[in-house]
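K.L.:
Here is my input, please return the structure:
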Amino acid sequence: MNRKNLSAILPIAGLLAIMTASALPLLRMGHGWFGWLYAAGALLVLVGRLLNRVPKDCPLRLKRLLRMEVWTALVFAAGAVFTFLNDRGGNDWLAFTMAGGVLTVYTSIMIPRLRSSAPKAEK
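P.N.:
You can find the predicted model right below:
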């Protein structure tokens, strides 16, 4: 697989793993290993976002949104850390998951919108 395919597949697989791991404690299941699943998903999202290159000729707002996706992956990684620091029953990981989810929804709406309205470079 090439870099472009990996940068598209890894974040999707990671977000599915994060979603599954987030549902497990809410359904009172998988208490021992949900943190590992969440951390694996966060790692997949982070690697996939880091493999995605920002085009040099795209508008500044689109560049910022693409960089925001990397920061979103770091928010999920911080949430993964808090899944392991959940000694006293805290739900800090859930706050990071919701923040990352909001940023993911925003970027997934705005990036295609800006890509479709960006002027095409002539060859």
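
K.L.:
so where is this structure shaky, pLDDT-wise?
P.N.:
The model of the chain has pLDDT under 70 over residues 86-89, 118-123.

K.L.:
Work out which residue lies at the spatial centre of the protein.
P.N.:
Centroid check for the chain by Cα atoms, centre = their mean gives residue 73 as the closest residue, at 4.1 Å.

K.L.:
Was I right to think that one contacts residue 46?
P.N.:
Yes. If you go by Cβ atoms under 8 Å, residue 73 and residue 46 touch, sitting 4.1 Å apart. C-beta coordinates here come from the backbone N, C-alpha and C atoms, glycine included.

K.L.:
Contact partners for the residue nearest to the centre of the chain?
P.N.:
11, 42, 45-46, 48-50, 100 (Cβ atoms under 8 Å, 6 or more residues apart in numbering).

K.L.:
Please produce JSON lines containing these, extended by distance to residue 113.
P.N.:
Shown next, in JSON lines, are the contacts of residue 73 (distance: Cβ to Cβ, whole Å):
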{"residue": "11", "distance to residue 113": "19"}
{"residue": "42", "distance to residue 113": "26"}
{"residue": "45", "distance to residue 113": "22"}
{"residue": "46", "distance to residue 113": "24"}
{"residue": "48", "distance to residue 113": "21"}
{"residue": "49", "distance to residue 113": "19"}
{"residue": "50", "distance to residue 113": "24"}
{"residue": "100", "distance to residue 113": "20"}
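
K.L.:
Now compare those residues and name the two farthest from each other.
P.N.:
For the contacts of residue 73, the farthest-apart pair by Cβ to Cβ is 50 and 100; their separation is 15.6 Å.
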